[in-house]
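Colleague: structural data only, the sequence is not supplied:
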Ligand code: ASP
Ligand code: MG
């Protein structure tokens, strides 16, 4: 029988009533003659509560103990869902990541799945069971419990789909699918019916919260189709497929994502000499701060200005480090801005349609929106601007590129 993998996120199973509704959805799919493997997250808010408990003891708790704790959220939901299915008259069995045979490396808190031994899952499917597996967790060769990083149950679901050679990986959530942009920001936001995994990966990496980027990457690599659907509606959701198979209309722009979790740091008036960039960024890297965009420009006076973005949570540490570098380099000035937003337009059609960037910049200029940084890739253009411009920028771009159609 064809295997369908379904994943239910925290809001879909946030109460006993909701778990019962989810069970009905699973049963409907089972009754169509499919084998069902169901991956679940913790109930909504539970993982955050566990994180808070740990941090109330130690801001930087032992990685091993942190994972033992965080993995309990999903252990609750797998058992409750399996009980519900059994009560409704179906054969069901729950497995933790370790019981299911999900092996990871030993990097606690952000482990990567290495292999899945699917024999136990297969055995129970063959016996007619609905198999319910805890997302977000795995086990090392040495039997240590690991977790995959926040939002990791998407990745669990995709990895299990690959291991089971599933027909489809269905990710159930509280929205109807992937939208052209955040409907809370733009009333014109429209659900996308189909999108390539390449575009989805850019949207996820640039701030769209629907799917964990690693899950999309994994699905693209192994050519697994993902469908994002609403748990409590009946639409067909958004289908994410590796290749553009011709049925997909080639949109120039598929979606606009934004990220408010970054901050901008600038050092002005540094000597324009080899090695300066590494003198500035070296200490930042030593603090384990990820740098995203970087811009350097040299003025007529032969002095350079250097601007880069870092996660907003690293703003204060980054600023301090830059002030120290500034003294050493005798720079003119250090400026920090943590009220910025990065806005990214994504679309495979950009490859064949020149002029997307210039149109984006002129639309923003016409609306008096100042751009402080720009970066591009083959299918993406990102700009940084003041956070106060977020709504206007998204709405005028959404209109100008006719995304509501
Ligand atoms: N419960 C975990 C989290 O909140 C994993 C997930 O929901 O995907 O990050
Ligand atoms: Mg999630």
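Modeller: Arrived safely, thanks for sending. From a predicted model like this one, the values you see are computed outputs, not experimental measurements. Numbers count the residues shown, from 1 in each chain. Ligands and ions are numbered 1, 2, ... in the order given.

Colleague: below-threshold pLDDT in the stretch 101-250 of the chain: ranges please.
Modeller: Applying pLDDT under 70 to the stretch 101-250 of the chain picks out residues 243-250.

Colleague: can you give me the helices in it?
Modeller: Under the criterion DSSP state H, counting those that start in this stretch, helices of the stretch 101-250 of the chain are mapped to 119-126, 153-163, 197-205, 213-222.

Colleague: distance to ligand 2 and mean neighbour count added to the ones you listed, as TSV?
Modeller: Every C-beta, even on glycine, is put in place using the N, C-alpha and C of the backbone. Below are those laid out as TSV (distance: least, CB to the ion, whole Å; neighbours: other CB atoms under 10 Å):
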stretch	distance to ligand 2	mean neighbour count
helix 119-126	22	15
helix 153-163	6	28
helix 197-205	11	24
helix 213-222	9	21
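
Colleague: among those helices, which is nearest residue 381?
Modeller: Comparing the helices of the stretch 101-250 of the chain against residue 381 with CB to CB, the closest turns out to be helix 197-205 (10.3 Å).

Colleague: now the helices of the stretch 101-250 of the chain in JSON lines, with distance to residue 319?
Modeller: Putting the helices of the stretch 101-250 of the chain into JSON lines (distance: least, CB to CB, whole Å) gives the following:
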{"stretch": "helix 119-126", "distance to residue 319": "49"}
{"stretch": "helix 153-163", "distance to residue 319": "33"}
{"stretch": "helix 197-205", "distance to residue 319": "25"}
{"stretch": "helix 213-222", "distance to residue 319": "27"}
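
Colleague: which of these sits closest to residue 346?
Modeller: helix 197-205 (4.4 Å).

Colleague: please report phi then psi for the closest residue to residue 152 other than its chain neighbours.
Modeller: Spatial nearest neighbour of residue 152, excluding adjacent residues (CB to CB, 6 or more residues apart in numbering): residue 136 at 4.2 Å. Main-chain dihedrals, residue 136, degrees, to the nearest 10: phi 70, psi 0.

Colleague: which of the helices of the stretch 101-250 of the chain sits closest to ligand 1?
Modeller: Among these, helix 153-163 comes nearest to ligand 1, with 3.4 Å by CB to the nearest ligand atom.

Colleague: show me the contacts for residue 256.
Modeller: 180, 181, 343, 344, 345, 346, 394, 397, 398, 403 (CB atoms under 8 Å, 6 or more residues apart in numbering).

Colleague: residue 331 is nearest to which of the helices of the stretch 101-250 of the chain?
Modeller: The nearest among the helices of the stretch 101-250 of the chain, by CB to CB, is helix 197-205 at 31.5 Å.

Colleague: just how off-centre is the closest one within its chain?
Modeller: Helix 197-205 has its C-alpha centroid displaced from the chain centroid by 9 Å (CA atoms, centre = their mean, to the nearest Å).

Colleague: ok, the residue of the chain positioned farthest from its centre to ligand 2 distance?
Modeller: What lies farthest from the middle of the chain is residue 301; by CA atoms, centre = their mean that is 42.9 Å. Distance of residue 301 to ligand 2, computed by CB to the ion, to the nearest Å: 50 Å.

Colleague: for residue 83, same thing?
Modeller: Residue 83 is 23 Å from ligand 2, where distance means CB to the ion.

Colleague: could you see whether ligand 1 lies near stretch 98-117?
Modeller: No - using CB under 6 Å from any ligand atom, stretch 98-117 never reaches ligand 1; the gap is at least 10.8 Å.

Colleague: phi first, then psi, for the most centrally placed residue in the chain.
Modeller: Nearest to the geometric centre of the chain sits residue 212, at 2.9 Å (CA atoms, centre = their mean). Here is the backbone geometry of residue 212 (degrees, to the nearest 10): phi -70, psi 130.

Colleague: that one against residue 156, yeah?
Modeller: No - Residue 212 is not in contact with residue 156 according to CB atoms under 8 Å; the separation is 9.7 Å.

Colleague: so which of the contacts of residue 256 is surrounded by the most neighbours?
Modeller: In terms of neighbours by other CB atoms under 10 Å, the contacts of residue 256 top out with residue 345 at 30 neighbours.

Colleague: helix, strand or coil: sort out the residue farthest from the centre of the chain for me.
Modeller: Classification of residue 301 using DSSP: H, G, I helix; E, B strand; the rest coil returns coil.

Colleague: isn't residue 74 right up against residue 134?
Modeller: Yes - Residue 74 lies in contact with residue 134 (CB under 8 Å); the separation is 3.7 Å.

Colleague: overlap in contacts, these two.
Modeller: Common neighbours of residue 74 and residue 134, using CB under 8 Å, 6+ apart, are 40, 96, 97.

Colleague: quick one: contacts for the closest residue to residue 390 other than its chain neighbours?
Modeller: Excluding its sequence neighbours, the residue lying closest to residue 390 (CB to CB, 6+ apart) is residue 341, at 4.9 Å. Residue 341 makes contacts with 258, 259, 260, 262, 384, 385, 386, 387, 389, 390, as judged by CB under 8 Å, 6+ apart.

Colleague: repeat that for 10 Å
Modeller: Each residue near residue 341 by CB atoms under 10 Å, 6 or more residues apart in numbering is listed here: 207, 258-262, 383-391, 393-394.
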